[in-house]
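J.: Output the structure for:
(chains A and B)
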Amino acid sequence: MAAASIAYVGGQLQYGVNFCRGQSFRQADWLPGLTVNGCLQRELSWSYGVSKFLQIHRCKFSQSPASENWKSFRTLTTSAYLRDGSTKYFDFAVIGSGIAGLRYALEVAKQGTVAVITKAEPHESNTNYAQGGVSAVLCPSDSVESHMQDTIVAGAYLCDEETVKVVCTEGPDRIRELIAMGASFDHGEDGNLHLAREGGHSHHRIVHAADMTGREIERALLEAVVNDPNIVVFKHHFAIDLLTSQDGSETVCHGVDALNTETQEVVRFISKVTLLASGGAGHIYPSTTNPLVATGDGMAMAHRAQAVISNMEFVQFHPTALADEGLPIKPKKARENAFLITEAVRGDGGILYNLSMERFMPLYDERAELAPRDVVARSIDDQLKKRNEKYVLLDISHKPREKILSHFPNIASECLRHGLDITRQPIPVVPAAHYMCGGVRAGLQGETNVRGLYVAGEVACTGLHGANRLASNSLLEALVFARRAVQPSIDHMKGSSSDLSASNMWTRPVVPKSLGTDVTNKILRATKEVRKELQSIMWKYVGIVRSTTRLQAAEQKIGELEAKWETYLFEHGWQRTMVALDACELRNLFCCAKLVVSSALARHESRGLHYTTDFPHLEESKRLPTVIFPSAHMMSTWSSRQLHQQSMY
Amino acid sequence: MARPGLSRIFASISELSTPKPSFTGFVSESTIRSASNSASRFMCSSAQQPRSSHEEKANEEKPESVKEKLEIENEEEEEDGDHVNKETGEVGGPKGPEPTRYGDWERNGRCYDF
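T.: Have a look, this model is predicted:
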């Protein structure tokens, strides 16, 4: 069970599933179903390759008087809304309500109607949990070049330079706009923004709101969104699949199907433009800092819709999250997102031990516990896998009790709640998945290879992060790209003619009412178990220290698990067009997991966040993005095909 | 790995790992109380949740001073008004040691971003 076939970016891209035959590509590299990285010949820039690719297939829109179209469409929107409750018509559909989605919504709402579709409460997003800050050049002694350099170095030189330049240049204006919108950031006594300096930055440039920057930004944006008459927020609407059609060789997006998880009703959104801003996929792993909503829905939907995915192997982990398994009193409920133990504990003298009380860091790095975070994460992962254990120990108890309690009261009280006194005992810790550097491939305007589909935020792979994200650059990326996607979206919207009969083009998803409660409960239980098993496979075989053998094992096991689960579903009467929250989330998790595995297998070097013992060094010739093209007719699993395409196979 | 970047990160970590008297001296008890309360404002506050019988038992075995300190943090009201950080001039910011001193963004020991 291989993932979709891959093509290299850079050099001449052909559309669809044919790819650079003109280049000197070893036959084996691009067998259908294989993920590849790197075409050795041409070294065109990342985004040049993308925009070239995207330019080839831009079809001409039928020109119609834009404002007339829009006005009549607006009226139609209202009456369409009233007539048919299960299909809604909007100019713009935004999937996700984090910083990217909301920022975009507020701009495009000046030109048309906007639906913000979000799977839980609007504030439930990774943004809300991004507590640190946003980076931008806001100090006279700082420079865009410096920010760029820091970003590129952190990204292990895999970043797209044009993207980095755009983001670092436009960041400051985006921050100023946020402030104008009411986001309140910390200032100094002199009235200027207070800028902190986070790891990897060579200047003070982190804008923050005390200790809850993401929350503050989310608050300000949500307030503006709620007050905007052109924006309707559909909360508890889980996006199922994008609605797409083929226009020649090009895929076009017309909207999205969603499930109202409160009323268990399917709602179809028809929109001229769709922005995917659905965030990350931390829950492909058992331990993650991400809120429960982060199940990679957008990446999966986009992949199923034939969008190009890139760099999924670069998953950022934090080395030391509190490991609940090691606490004397286990939390009654499974912790939804990880409690990260700060590097400051190690900085203040904390020592890492395995469960045999052996101090292992000196074996991996002469800097021991003070080695960079990625090295520490790798070392811990290696120990856990070698010893088949669930966590390691971080011991600060040899330090004065007063110091520990004054510096780390949060850790102290959280551990005490669970029967652990950190002034006397070591803290159980395990790495937690935090951020996906990869995602849906975006050009400089947030455009994808699917016409009418734009992406911004963590779901996107813009080329900014490269092989490793620089601290506080993710909120920045979301802001900049959300803004950049606005004009192209408006242009696209104005140039689109509305075809209201289109709404029946696709089979509608159905809720599994006909199965009865017993069966649906059984399926729910099985789904929850399979999810845990998938997460366990990902952690065990696709962790921080990888190897070809382990990755291949992961591929096989995930394939088997998916088949087992789908068989179970269908044996119990599940129809391919049926939808339920847990099943759809798991379907997306499978999709993302496979994307990560095949990307990891394709990179025959170690770079940034991707480390493999089979290719433990950087390889200059491999300093290229990993790209996954969909291979339309190859996959037969439920997770790999759009719901409305299921009946074709 | 991007080595130049790492050496920069390492440099900043090793700089900061030398105790800075000004920072540690700044952390007074009132600061601890307000810092902990400010943290509890926005997150599930471990310090402020009602104690279950489990916790009561576990806490009995803990040294008195540990328990006391955390209790004090529970009961103290947060002072309103703009706190000014003497080191950085930051108004209304996080109290206590600089959150980014070791590279990540931490508050009271919990890392929130990196």
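J.: Find me the pLDDT at residue 64, would you?
T.: Because you didn't say which chain, this covers chain A. On pLDDT, residue A:64 comes in at 37.
J.: oops, chain B please
T.: The model reports residue B:64 with a pLDDT of 47.
J.: what's the answer for residue A:190, then?
T.: 87.
J.: give me phi/psi at it?
T.: phi -80, psi 0 (degrees, to the nearest 10).
J.: pretty sure it contacts residue B:89?
T.: Yes: Residue A:190 lies in contact with residue B:89 (C-beta atoms under 8 Å); the separation is 6.7 Å. Bear in mind the C-beta positions are built from the backbone N, C-alpha and C, glycine included.
J.: who's more crowded, these two?
T.: The neighbour count for residue A:190 versus residue B:89, taken as other C-beta atoms under 10 Å in any protein chain shown, is higher for residue B:89 (14 against 9).
J.: Assess the claim that that one and residue A:187 are in contact.
T.: No: judged on C-beta under 8 Å, residue B:89 makes no contact with residue A:187 at a distance of 9.0 Å.
J.: residue ranges with poor pLDDT in the chain?
T.: All of this refers to chain A. A:1-85, A:129-132, A:210-211, A:500, A:631-635, A:647-649 (pLDDT under 70).
J.: try chain B instead
T.: Looking along chain B with the criterion set at pLDDT under 70, you get B:1-82.
J.: try 80
T.: B:1-83, B:85-96, B:112-113 (pLDDT under 80).
J.: Please name the residues that touch residue A:397.
T.: Residue A:397 makes contact with A:404, A:422-426 under the criterion C-beta atoms under 8 Å, 6 or more residues apart in numbering or on different chains.
J.: export those residues to a markdown table and tack on neighbour count and secondary structure?
T.: Shown next, in a markdown table, are the contacts of residue A:397 (neighbours: other C-beta atoms under 10 Å in any protein chain shown; DSSP: H, G, I helix; E, B strand; the rest coil):
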| residue | neighbour count | secondary structure |
| --- | --- | --- |
| A:404 | 25 | helix |
| A:422 | 27 | coil |
| A:423 | 22 | coil |
| A:424 | 13 | coil |
| A:425 | 16 | coil |
| A:426 | 21 | coil |
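J.: Residue A:252 belongs to a strand?
T.: Yes: counting by DSSP: H, G, I helix; E, B strand; the rest coil, residue A:252 is located in a strand.
J.: Report the contact partners of it.
T.: Residues counted as contacts of residue A:252 (C-beta under 8 Å, 6+ apart) are A:244-246, A:450-452.
J.: if you set the cut-off to 10 Å instead, what comes out?
T.: A:59, A:243-246, A:305, A:450-453, A:496 (C-beta atoms under 10 Å, 6 or more residues apart in numbering or on different chains).
J.: from these, which single one is nearest chain B?
T.: residue A:453 (29.4 Å; C-beta to the nearest C-beta).
J.: Run a quick neighbour tally on the residue nearest to the closest one when sequence neighbours are not counted.
T.: What sits nearest to residue A:453 in space, not counting adjacent residues and going by C-beta to C-beta, 6 or more residues apart in numbering or on different chains, is residue A:253, at 4.1 Å. By other C-beta under 10 Å, 26 other residues sit near residue A:253.
J.: what's the answer for the one 10 residues further on, then?
T.: Under the neighbour criterion other C-beta under 10 Å, residue A:263 is assigned a count of 11.
J.: The stretch 401-550 of chain A: strands as residue ranges?
T.: Assigned by DSSP state E, counting those that start in this stretch, the stretch 401-550 of chain A shows strands spanning A:427-436, A:439-441, A:450-451, A:453-455, A:460-461, A:545-546.
J.: would you turn these into a markdown table with mean neighbour count?
T.: Output for the strands of the stretch 401-550 of chain A, formatted as a markdown table (neighbours: other C-beta atoms under 10 Å in any protein chain shown):
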| stretch | mean neighbour count |
| --- | --- |
| strand A:427-436 | 27 |
| strand A:439-441 | 29 |
| strand A:450-451 | 22 |
| strand A:453-455 | 31 |
| strand A:460-461 | 30 |
| strand A:545-546 | 22 |
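J.: If residue A:265 is in a bridge, with which residues?
T.: Under DSSP bridges, the beta-bridge partners of residue A:265 are residue A:260.
J.: In stretch A:637-649, which residues are buried?
T.: For stretch A:637-649, the neighbour count (16 or more other C-beta atoms under 10 Å in any protein chain shown) marks A:637-646 as buried.
J.: which among the residues you listed gets closest to residue A:628?
T.: For these, the minimum distance to residue A:628 (C-beta to C-beta) is 11.8 Å, reached by residue A:640.
J.: For that closest one, what are phi and psi?
T.: phi -100, psi 0.
J.: In this model residue A:304 seems to touch it, though I could be wrong.
T.: Yes: using C-beta atoms under 10 Å, residue A:640 makes contact with residue A:304 at a distance of 6.5 Å.
J.: got the angle between the longest helix that chain A contains and strand A:427-436?
T.: If you go by DSSP state H, chain A has its longest helix at helix A:516-541. Orientation check (axes from the mean of the first three to the mean of the last three C-alpha atoms, to 10 degrees): helix A:516-541 against strand A:427-436 gives 100 degrees.
J.: Report the buried residues of helix A:516-541.
T.: A:520, A:523, A:526-527, A:530-531, A:533-535, A:537-541.
J.: Next: stretch A:390-398.
T.: Neighbour-count burial for stretch A:390-398 [16+ other C-beta under 10 Å]: A:390-397.
J.: do stretch A:481-494 as well
T.: A:481-486, A:488-490, A:492-494.
J.: Now render these as JSON lines, adding distance to residue A:606.
T.: Converted to JSON lines, those look like this (distance: C-beta to C-beta, whole Å):
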{"residue": "A:481", "distance to residue A:606": "28"}
{"residue": "A:482", "distance to residue A:606": "32"}
{"residue": "A:483", "distance to residue A:606": "35"}
{"residue": "A:484", "distance to residue A:606": "32"}
{"residue": "A:485", "distance to residue A:606": "33"}
{"residue": "A:486", "distance to residue A:606": "38"}
{"residue": "A:488", "distance to residue A:606": "36"}
{"residue": "A:489", "distance to residue A:606": "38"}
{"residue": "A:490", "distance to residue A:606": "43"}
{"residue": "A:492", "distance to residue A:606": "40"}
{"residue": "A:493", "distance to residue A:606": "43"}
{"residue": "A:494", "distance to residue A:606": "47"}
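J.: what sits against the nearest residue to residue A:220 once chain neighbours are set aside?
T.: Excluding its sequence neighbours, the residue lying closest to residue A:220 (C-beta to C-beta, 6+ apart) is residue A:183, at 3.9 Å. Contact partners of residue A:183, counting by C-beta under 10 Å, 6+ apart, are A:134, A:175, A:177, A:207, A:209, A:213, A:216-221, A:223-224.
J.: could you measure residue B:95 against residue A:405, distance?
T.: Applying C-beta to C-beta, to the nearest Å, the value for residue B:95 to residue A:405 is 15 Å.
J.: Could you look up the SS state of residue A:91?
T.: strand.
J.: what does residue A:627 give?
T.: Residue A:627 - assigned by three-state DSSP - is strand.
J.: Verify the stated contact: it with residue A:599.
T.: Yes: here residue A:627 reaches residue A:599: they are 8.8 Å apart, a contact under C-beta under 10 Å.
J.: In terms of packing, which of those two has more residues around it?
T.: The neighbour comparison of residue A:627 against residue A:599 (other C-beta under 10 Å) goes to residue A:627, with 31 against 27.
J.: Next, find the distance separating the more buried one from chain B.
T.: 22 Å (C-beta to the nearest C-beta, to the nearest Å).
J.: same check, this time on residue A:552
T.: Shown here: residue A:552 relative to chain B, a distance of 25 Å by C-beta to the nearest C-beta.
J.: Next, the buried residues of the helix or strand hosting that residue.
T.: For residue A:552, the element it lies in under DSSP states H and E is helix A:548-571. Buried residues in helix A:548-571, counting neighbours by 16+ other C-beta under 10 Å, are found at A:550-551, A:553-555, A:557-559, A:561-562, A:565-566, A:569.
J.: which one of the residues you listed is nearest residue A:148?
T.: residue A:551 (32.6 Å).
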